[in-house]
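Asker: Just need the structure, nothing else, for what follows:
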Amino acid sequence: MPNNEDIDRLPAMERDILRLHMTLRKSQTEVAKILGVSQPTVNYRYKRARERLEFMEKVPSVTAEEIREVLHVLGARDTDIEAMVLYVETSSQSEVARRMSTSQGAVRHWILRALVNHLQNDMREDDKHKRVRTACGMLVGKPGIFNEPVKYQGKSKDPRVVEQRLSAMPKVQGRFLVGERMLVLDGLYGQLEGTVTAIEEGRMAILIEMNSQRITLSWPR
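Answerer: Got it, this is the predicted structure:
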């Protein structure tokens, strides 16, 4: 089973697809309706998520301290070391550039310099050097393994805001008080938990917050 740390690094929609399809056992058609995309998109993103997780299972576990220690011993520059540490943490050149207040081109140059000039020439066979060398090489060789494909990025990484108006109240578990948590028991959104946001004359609503979606379910009172 993939660990939670690797799952947390997946794009938001893929995290939602894994939870809905694998954990809650919803069909891909149901997942597509919930997320507002096509079933082929769900199928593609599900396969992509599994590929990302299978890749990460093969990457040796290393800590930031181990990367810093190994690269320091090998004589790497401070900028190269920090860029590699952040890249292994985020798998995103743009995020590393933001944190280091520089360009993506500079980040790419520093990462490759640390890899080509130092790690690839490191012949030490102790466990720490082998793990750092292998992990950094695999991740740099798989750029953007945890980044959203461009065609799915859209204009914002914020969750998509949606309101779904139901014709009748679904079966729910919980108290109808604003701010209370409530579990939907049936229908398309069955097994999803939300927060009561409105108890008004003629309308009731709960908010289901996912990684890629903020779905308000409302129905006539």
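Asker: for the nearest residue to V88 once chain neighbours are set aside, what are its contacts?
Answerer: Using Cβ to Cβ, 6 or more residues apart in numbering and skipping residues adjacent in sequence, the residue nearest V88 is L139, 5.7 Å away. No exception for glycine: its C-beta is placed from N, CA and C like everyone else's. With contact taken as Cβ atoms under 8 Å, 6 or more residues apart in numbering, L139 is in contact with V59, Y87, V88, S91, I145.
Asker: likewise M204?
Answerer: So, once contact is read as Cβ under 8 Å, 6+ apart, M204 ends up touching M169, F176, V196, A198, S218, W219, P220, R221.
Asker: cool, and I67?
Answerer: Here I67 is in contact with I81, M84, V85, V88, V132, C136 (Cβ under 8 Å, 6+ apart).
Asker: H118 versus the third one, what's the distance?
Answerer: Which is V85. Applying Cβ to Cβ, to the nearest Å, the value for V85 to H118 is 14 Å.
Asker: Over to the fourth one?
Answerer: Applying Cβ to Cβ, one obtains 14 Å for the distance of V88 from H118.
Asker: What number of residues are in the vicinity of the residue nearest to L119 when sequence neighbours are not counted?
Answerer: Nearest non-adjacent residue to L119, counting by Cβ to Cβ, 6+ apart: R133, 4.9 Å away. R133 has 22 neighbours, counted by other Cβ atoms under 10 Å.
Asker: Check the one 5 residues further on too.
Answerer: Around M138 sit 16 other residues, with neighbours defined as other Cβ under 10 Å.
Asker: related to what we said a few turns ago, ok, the contacts of I67 vs K47, which is closest?
Answerer: Proximity of the contacts of I67 to K47 was ranked by Cβ to Cβ; the top entry is V88 with 24.8 Å.
Asker: Quick one: list the elements packing against the helix or strand hosting that closest one.
Answerer: Assigned by DSSP states H and E, V88 belongs to helix 78-90. Contact here means 3 or more Cβ pairs under 8 Å, 6 or more residues apart in numbering; DSSP states H and E; on that basis helix 78-90 packs against helix 64-73, helix 93-100, helix 104-117, helix 127-141.
Asker: Next, find the distance separating the residue nearest to L119 from L71.
Answerer: On the measure of Cβ to Cβ, R133 and L71 end up 10 Å apart.
Asker: Common neighbours of these two, please.
Answerer: L119.
Asker: Surely L217 is within a strand?
Answerer: Yes: L217: assigned to a strand according to DSSP: H, G, I helix; E, B strand; the rest coil.
Asker: so V42 sits in a helix?
Answerer: Yes: counting by three-state DSSP, V42 is located in a helix.
Asker: That one and I34 touch, don't they?
Answerer: No: shown here, V42 and I34 do not form a contact pair, counting by Cβ atoms under 8 Å, at 9.5 Å.
Asker: For these two, indicate the residue with more neighbours.
Answerer: V42 (26 against 23).
Asker: so what's the more buried one up against?
Answerer: I17, H21, Q28, V31, A32, L35.
Asker: starting at the chain centroid, how far to the helix holding V88?
Answerer: Distance, stretch centre to chain centre, for helix 78-90: 20 Å (Cα atoms, centre = their mean, to the nearest Å).
Asker: Between helix 104-117 and it, find me the angle.
Answerer: 100 degrees (axes from the mean of the first three to the mean of the last three Cα atoms, to 10 degrees).
Asker: Can you show me the CA trace of helix 78-90 as PDB?
Answerer: What follows is helix 78-90, C-alpha atoms only, in PDB (Å, rounded to 0.1, in the frame of the first residue of the first chain):
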ATOM      1  CA  ASP A  78      25.600  25.600  -1.000                       C
ATOM      2  CA  THR A  79      23.100  26.700  -3.700                       C
ATOM      3  CA  ASP A  80      23.300  23.300  -5.400                       C
ATOM      4  CA  ILE A  81      22.800  21.500  -2.100                       C
ATOM      5  CA  GLU A  82      19.800  23.600  -1.100                       C
ATOM      6  CA  ALA A  83      18.200  23.300  -4.600                       C
ATOM      7  CA  MET A  84      18.600  19.500  -4.500                       C
ATOM      8  CA  VAL A  85      17.100  19.200  -1.000                       C
ATOM      9  CA  LEU A  86      14.100  21.300  -2.000                       C
ATOM     10  CA  TYR A  87      13.600  19.500  -5.300                       C
ATOM     11  CA  VAL A  88      13.600  16.100  -3.600                       C
ATOM     12  CA  GLU A  89      11.100  17.500  -1.100                       C
ATOM     13  CA  THR A  90       8.700  19.100  -3.700                       C
END
